[in-house]
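[1] fold the stuff below for me.
(2 chains)
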Amino acid sequence: MMEVEIKKEIVEEILKLCRFDLIFSGDEDKIVSGSVEEVCGVLIGELKENKIVVEKVRKAENIAKSPFLFEISPHDLYNAYIDAQKEGKEVVGVFHSHPHGSPNPSPLDIKGIKGTGLLWLIVGRELKAFSYDNKLNKIIELKIKIE
Amino acid sequence: MVWLKKIGSAGHTEVELPLDVAVLEVEKHLKLGGIVTKEDGTKIDLSEIGEDDKLILIPRIVGG
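    Residues are numbered from 1 along each chain as shown, chains lettered A, B, ... in the order given. Sure, this is the predicted structure:
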């Protein structure tokens, strides 16, 4: 099963960028409060056999400037790509916040996950990760391993 | 031949295509709202694509 490996500091950085707070409490980690507009960014790291390793995040401008939508600035995406290349890494995914709480993908997210093939990290009341499985021809939720 | 690299698609897709096929691929990408740049980041129009170009296809990433 595919999983996402991500360091706790990176998770905390994402939550800070999204203006969310995470209460680490064992199995019931919950994220509380949030920003008004959706916040988005790019995830940089490595694709391994059964694992996506997220090593770095870059905030990107949400050119949709909306509490219900995000659109990553192509300029920011390009810069993230160049930075990743310089370090021998890849753009492995994107993250965005759901200020209204649900960590599940919206219909537009589903379209984006399928269309881009990228890891899609959603920050709502919880942190969830999704990607498109070509073999199964469907969106799958990935296990997040926080180290 | 034109070298195209598309960001995304579960690992970046890299292909070398004949000029006419590459132009069609780029046109399709632009219609989906993506942008196309040269390796140095400069944007390029469809009409400017030439043999031996190396292009990066950056997808439009939208969600909700």
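
[2] now the residue nearest the centre of chain B. Nearest residue, chain neighbours left out?
    In chain B, the residue lying closest to the centroid (CA atoms, centre = their mean) is B:Leu57, at 3.3 Å. Nearest in space to B:Leu57, with sequence neighbours left out and distances taken as CB to CB, 6 or more residues apart in numbering or on different chains, is B:Lys6 at 4.3 Å. (Glycine included, C-beta is placed from N, CA and C.)

[3] residue contacts, the one you found?
    B:12-14, B:29, B:56-57, B:59 (CB atoms under 8 Å, 6 or more residues apart in numbering or on different chains).

[4] swap in A:Gly45?
    By CB under 8 Å, 6+ apart, the contact set of A:Gly45 is A:52-56, A:89-90, A:92.

[5] for the record, mean pLDDT for the longest helix anywhere in chain A?
    Scanning chain A for the helix with the most residues, using DSSP state H, yields helix A:74-86. Average pLDDT, helix A:74-86: 88.

[6] list the buried residues of that helix.
    Buried positions in helix A:74-86, judged by neighbour count with 16 or more other CB atoms under 10 Å in any protein chain shown: A:74, A:76-78, A:80-81, A:84-85.

[7] of all those, which two lie farthest apart?
    A:Pro74 and A:Gln85 (16.3 Å; CB to CB).

[8] quick one: which of the contacts of B:Lys6 has the lowest pLDDT value?
    B:His12 (64).

[9] so which elements touch the longest helix of chain A?
    strand A:40-48, strand A:51-60, strand A:90-97, strand B:35-38, strand B:54-58 (3 or more CB pairs under 8 Å, 6 or more residues apart in numbering or on different chains; DSSP states H and E).

[10] can we see that at 7 Å?
    Applying 3 or more CB pairs under 7 Å, 6 or more residues apart in numbering or on different chains; DSSP states H and E, we find helix A:74-86 packed against strand A:40-48, strand A:51-60, strand A:90-97, strand B:54-58.

[11] contact partners of it?
    By CB atoms under 7 Å, 6 or more residues apart in numbering or on different chains, the residues outside helix A:74-86 that reach it are A:42, A:44, A:58, A:60-61, A:90-91, B:7, B:35, B:37, B:41, B:58, B:61.

[12] 6 Å instead?
    Here helix A:74-86 makes contact (CB atoms under 6 Å, 6 or more residues apart in numbering or on different chains) with A:42, A:44, A:58, A:60-61, A:90-91, B:7, B:35, B:58.

[13] all helices of chain B, in order?
    Under DSSP H, chain B gives helices at B:19-31.

[14] can you list the low-confidence ranges for it?
    Low-confidence segments of chain B (pLDDT under 70): B:8-12.

[15] one step back: let me know the closest of the contacts of B:Lys6 to chain A.
    Distance to chain A across those (CB to the nearest CB) is lowest for B:Pro59, with 5.3 Å.

[16] related to what we said a few turns ago, buried subset of the contacts of B:Lys6, written for PyMOL?
    Filtering the contacts of B:Lys6 down to the buried ones (16+ other CB under 10 Å) takes a single PyMOL command:
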select buried, chain B and resi 12+29+56+57+59
